[in-house]
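In: got a predicted model here, sequence first, then my questions.
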Amino acid sequence: MYNVWDCKIVDLSKVHNEAGNITVLENNKNIPFDIKRIYYLYDVPMGADRGGHGHYDLQQYIVAASGSFTFVLDDGVNKNEFFLNDPSKALHIQPGIWREIKGFSSGSICLVLASHEYNESDYIRDYDEFIKYKNDTQII
Ligand code: TYD
């Protein structure tokens, strides 16, 4: 079982030239899992908060493809905040971590690479249930 200190900012590296940058994401190369799903959050109104859930099995790489936002991660004991604003970096969120997302800048795009297809039964949407799950399963 993972805690927030297992969730880290990862350098994706970039191919730079004067006409712009390219960052490449490849299964099991600079992404340590098979990408089964890609989605992105956009047109998020200023002041809106998202997230507010955990996952039993899903792991994700989060990239600020444009703009900036903040992920607040919580393992039931510790919290850690990550400000994302660099498309050449990703936040690796391990399974079993509660997340809140806040502070979306105007026009921001939150790109998510996910280890599993969408499955509502992998979500823990109730915080008390999340804490119970962590207490029942995790030695932090
Ligand atoms: P959710 O993951 O709760 O959004 P966020 O964490 O960004 O606040 O998803 C919001 C809604 O979108 C929810 O009703 C489920 C749906 N959804 C899908 O149908 N497929 C997906 O791959 C995702 C990520 C969400």
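Out: Yep, it's here.
In: which residues of this protein score low on pLDDT?
Out: 138-140 (pLDDT under 70).
In: could you find the closest non-adjacent residue to the residue most central in space within it?
Out: By C-alpha atoms, centre = their mean, the chain has its centre lying nearest to residue 62, at 4.1 Å. Ranked by C-beta to C-beta, 6 or more residues apart in numbering and with sequence neighbours excluded, the top spatial neighbour of residue 62 is residue 91, at 4.3 Å. C-beta coordinates here come from the backbone N, C-alpha and C atoms, glycine included.
In: next SSE downstream of whichever strand or helix holds the residue nearest to the centre of the chain?
Out: Using DSSP states H and E, residue 62 falls within strand 60-66. Counting by DSSP H and E, the next helix or strand C-terminal to strand 60-66 is strand 69-74.
In: that following strand and the ligand, any residue contact?
Out: No. Between strand 69-74 and the ligand, judged by C-beta under 6 Å from any ligand atom, nothing touches; the nearest distance is 10.4 Å.
In: contacts for that strand next, please.
Out: 4, 7, 44, 51, 62, 79-84, 91, 93, 97-105, 108, 110 (C-beta atoms under 8 Å, 6 or more residues apart in numbering).
In: what does stretch 77-87 give?
Out: Applying C-beta under 8 Å, 6+ apart, the contact partners of stretch 77-87 are 3-5, 7, 9, 14, 21, 23, 62-73, 91, 103, 105, 110, 134, 140.
In: with that, I have no additional questions.
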